[in-house]
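Visitor: Could you look at this predicted model? Sequence included:
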Number of protein chains: 2
Amino acid sequence: MSGKVAGTLLHLAPGFGNAFANLHNARKAQSGVVNVMGDHASYHLRHESPLKGDTVGISKAISHWTRVSDDAGQVAGDGAAAVTAARGLNGQVATLILPANTAWEAAGATAVAAPPAALRRPSPAMIEAAARALTQPGAALMVDGRALYTDLSDLAAKVAKKTGAVLMAPFFAARTRRGAGSVRLQRLAYEVDLNIGILADKTCLVLLGAARPTAFFAYPGKPSLPEAAGAHVIELCSIDMDCEWTLRALAEAVEAEAVTLAPQDHVPLALPPLPTGPLTLEAVGQTIAALMPEDCVMVNEAITSAMPIAVATATARPHDMLVAAMGGAIGAGMPVATGAAVASPGRKVLALVGDGSAMYTLQSLWTMARERLDVTVVIFANHVYRILHGELAAVGASAGRNVARMFDMVEPKLDWVALAQGHGVAGAHCATTAEFNTAFARAMAEPGPNLIAVEC
Amino acid sequence: MSGKVAGTLLHLAPGFGNAFANLHNARKAQSGVVNVMGDHASYHLRHESPLKGDTVGISKAISHWTRVSDDAGQVAGDGAAAVTAARGLNGQVATLILPANTAWEAAGATAVAAPPAALRRPSPAMIEAAARALTQPGAALMVDGRALYTDLSDLAAKVAKKTGAVLMAPFFAARTRRGAGSVRLQRLAYEVDLNIGILADKTCLVLLGAARPTAFFAYPGKPSLPEAAGAHVIELCSIDMDCEWTLRALAEAVEAEAVTLAPQDHVPLALPPLPTGPLTLEAVGQTIAALMPEDCVMVNEAITSAMPIAVATATARPHDMLVAAMGGAIGAGMPVATGAAVASPGRKVLALVGDGSAMYTLQSLWTMARERLDVTVVIFANHVYRILHGELAAVGASAGRNVARMFDMVEPKLDWVALAQGHGVAGAHCATTAEFNTAFARAMAEPGPNLIAVEC
């Protein structure tokens, strides 16, 4: 949210292991992160102490950049190099391993991080080829990164309007500007079958800062790539290249800068009334859409409950949506909401989290209470890892008694109000639409962390 | 507890990451474990899907044995090889990586795990040298593994009695038989300064299945090895060798089999009265010692609160003590208690856990409720990661305002009764000795999971 490199302080190998899943998500989100991993004093590593572990091995399994700084005099320079690495290639995970003795031996001079190396750019010929391709029938321009949440999105919309291409975005996009005033774009879905349908009429796909659409998993008899057969896929600018320069060059090539966007090129403001009737996901989405304040940060890890919320909030007040589990590792929702709130003072953060996901990292609630973060957590308490039923069906299997027991969260059901209270966060449980309308309105009106569990 | 290899089923890289810290503890405890780590279908790995990660890299950072089984026809044989590896060298971590397509392609014939390779044994000359050394003044025999919780402990005691050596055990021993009827032995401490004192008069140390005593961390001006200067350390039998054969050979060499142990060679039964007065750690220890049933399994992750409990229960009814964080990675207490309860039907499991440790893995409470496990969790709610203050002091530093804030768990305090209730476990909070006497007596009398938080 701040555009700055994040920092973590982690213990040697197993401590780093506790962070591994969310570093995987950070890596896939192109979040620049510097991890400082402690290690034993270098002279202690020849002995078999309990905590000794493969610090370099686990770091290399997830970090783009790993360095052991085993001389206190070099720590400043190595730290600066870590920051440079984290800022490089549009955001990387950099891990600096510091043996304990570097903390008590004499440090060297301070160091300042050098700017990262210039990003690669496509050739003029590539730009021209992409520009021509976008004017063909059935062309689409898929963008990601800053083109989804900065002024660059207007420029991308102009390119699409000028060329007649469809403007598209991936499903797994770390940050997207949504709601009133955002540009219209077609977003891919999670399910490969839906994406096959969405891409069926796209004879040419120009990728600008976006990865090639890929099925989340392989499934028997289904393709790994959902693109149409024979589609021309132009990987104009990979995610680690200079996306902004490329978009501007492409806009110049198609003479898009002079295009004027019309009102219908942007999403209008259209707020639903507060719902009545049964507490369904659609009703929850309507309440959220009606009440969420302008410029809030919506962190989305609702998994199987997410789609009705996304539909309902498409025309809500302008907001940013963050996909927490960018690497598909569930459990990032509340941690990402925590980080977003720290980085965005004055903005309401709304974390939409499935109950299965929330159980990975419910300790985040205490951090929210401790730091008095303005986060409202909505837990979708369907008492099941429902996504697993979907994935099992997608491979052509179904859950028997034992599998269902491994997927569900009943006997006993979790009491989310008690779990919130235990961590020092006020909680409410809603079984009716009226209860949710009241609880959510109060949460939007009052600052500070709170949790609302919806039973639907 | 069962002596059998354990099994886990983990998702690809980040899912395995979530297990990393406790696999580190399992590795250091020499627990035989087979991990089955799923991966994408082999033909899907050429594409950049969100969950794609370095499965082999993270596995090799913690596993003794890693294999990718990328042909469904070979999975049975590879699975059998994993079991063999996990059973080898007195217990290893073996990880079998299964691409998803091996689940829906045709399997091959079933396979049976071959016995692991024979364990290495010391030479007759080594046995003789160790036997001679043990008869010298200041000699000690340090044992670990099965010699701490089976009949082999009597044999080790006979060797010590016959030679005049002191019988010793490491601080980090996975399982130890304690209480009435167990053999007397001198256990090392956690702190390097205490171990320097304990080992000061040991001129010769014979290690039989035990690792060389090593400081948990390095500290400025303190040695990594706490042994006395000039001490003769004989590594007779390393932890991955044939410890039982070696002990029997050593006993034969010193003619210890005919030794008769006297009553004073074993720990007597001496139960304290139920305490009165303020709720101190000593009082909690007395209550536990007075009421814990025969043959219970005590899982110890009380960290800085552990010592008074260990002292009080030394002469309690016979029990097994498991050190959860064998690799020093905190958060293993409730998971180990869960596993011990599954593996030991009919035995009461008592988990002694610091509040800081418990927060790593409090989700275990739900599993205890789900599986109706007979576990009593005692949380030592001192509201601080007190061990960190101790470690900071040991390197000669002290906590300022910001450090103290990172170490403590106040503002807000955790409500353990609510946290337990949220997971479906009955909880009690005790601020007085009388309350703890009542709550603990009830927990010992009734089966099923429950949690007692003590404020001391």
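Guide: It's in. Numbering: from 1, shown residues only, chains lettered A, B, ... in the order given.
Visitor: and A:E391, how many neighbours does it have?
Guide: Neighbour count for A:E391, taken as other CB atoms under 10 Å in any protein chain shown: 15. (C-beta placed from N, C-alpha, C; glycine too.)
Visitor: do A:I196 as well
Guide: By the measure other CB under 10 Å, the count of residues near A:I196 is 18.
Visitor: isn't there a strand covering it?
Guide: No. Secondary structure of A:I196 (DSSP: H, G, I helix; E, B strand; the rest coil): helix, not part of a strand.
Visitor: contacting residues for the closest residue in space to A:V417 that isn't next to it in sequence?
Guide: Closest residue to A:V417 apart from its sequence neighbours, by CB to CB, 6 or more residues apart in numbering or on different chains: A:G427 at 4.0 Å. A:G427 sits next to A:416-421, A:450-453 when contact means CB atoms under 8 Å, 6 or more residues apart in numbering or on different chains.
Visitor: Is chain B within reach of stretch A:433-448?
Guide: No. Counting by CB under 8 Å from any CB of the partner chain, chain B is not contacted by stretch A:433-448; separation bottoms out at 11.7 Å.
Visitor: Assess the claim that A:T313 and A:M292 are in contact.
Guide: Yes. If you go by CB atoms under 8 Å, A:T313 and A:M292 touch, sitting 6.9 Å apart.
Visitor: any common contacting residues for these two?
Guide: Residues touching both A:T313 and A:M292 by CB under 8 Å, 6+ apart: A:298, A:319.
Visitor: which residues sit in contact with A:L352?
Guide: Contacts for A:L352 (CB under 8 Å, 6+ apart) come out as A:288, A:298-302, A:305-306, A:309, A:333, A:378, A:380.
Visitor: what's the spacing between it and chain B?
Guide: Distance, A:L352 to chain B, using CB to the nearest CB, to the nearest Å: 19 Å.
Visitor: so which helix or strand takes in that residue?
Guide: According to DSSP states H and E, A:L352 maps onto strand A:349-354.
Visitor: just how off-centre is that strand within its chain?
Guide: Strand A:349-354 sits 12 Å away from the centroid of its parent chain (CA atoms, centre = their mean, to the nearest Å).
Visitor: Convert the C-alpha atoms of that strand to PDB, please.
Guide: What follows is strand A:349-354, C-alpha atoms only, in PDB (Å, rounded to 0.1, in the frame of the first residue of the first chain):
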ATOM      1  CA  VAL A 349      -9.600  -1.800   6.100                       C
ATOM      2  CA  LEU A 350     -12.200  -4.500   5.400                       C
ATOM      3  CA  ALA A 351     -11.000  -8.100   5.600                       C
ATOM      4  CA  LEU A 352     -13.300 -10.600   4.000                       C
ATOM      5  CA  VAL A 353     -12.100 -14.000   5.100                       C
ATOM      6  CA  GLY A 354     -13.400 -17.600   5.000                       C
END
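Visitor: Quick check: next helix or strand after that strand?
Guide: Downstream of strand A:349-354, the first helix or strand assigned by DSSP H and E is helix A:355-358.
Visitor: Which elements pack onto that next one?
Guide: Identification of packing neighbours for helix A:355-358 by 3 or more CB pairs under 8 Å, 6 or more residues apart in numbering or on different chains; DSSP states H and E yields helix A:333-343, strand A:375-380.
Visitor: Now tabulate those in TSV and tack on mean pLDDT, mean neighbour count and distance to chain B.
Guide: Listed next are these as TSV, based on pLDDT from 0 to 100; neighbours: other CB atoms under 10 Å in any protein chain shown; distance: least, CB to the nearest CB, whole Å:
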stretch	mean pLDDT	mean neighbour count	distance to chain B
helix A:333-343	98	24	13
strand A:375-380	98	28	12
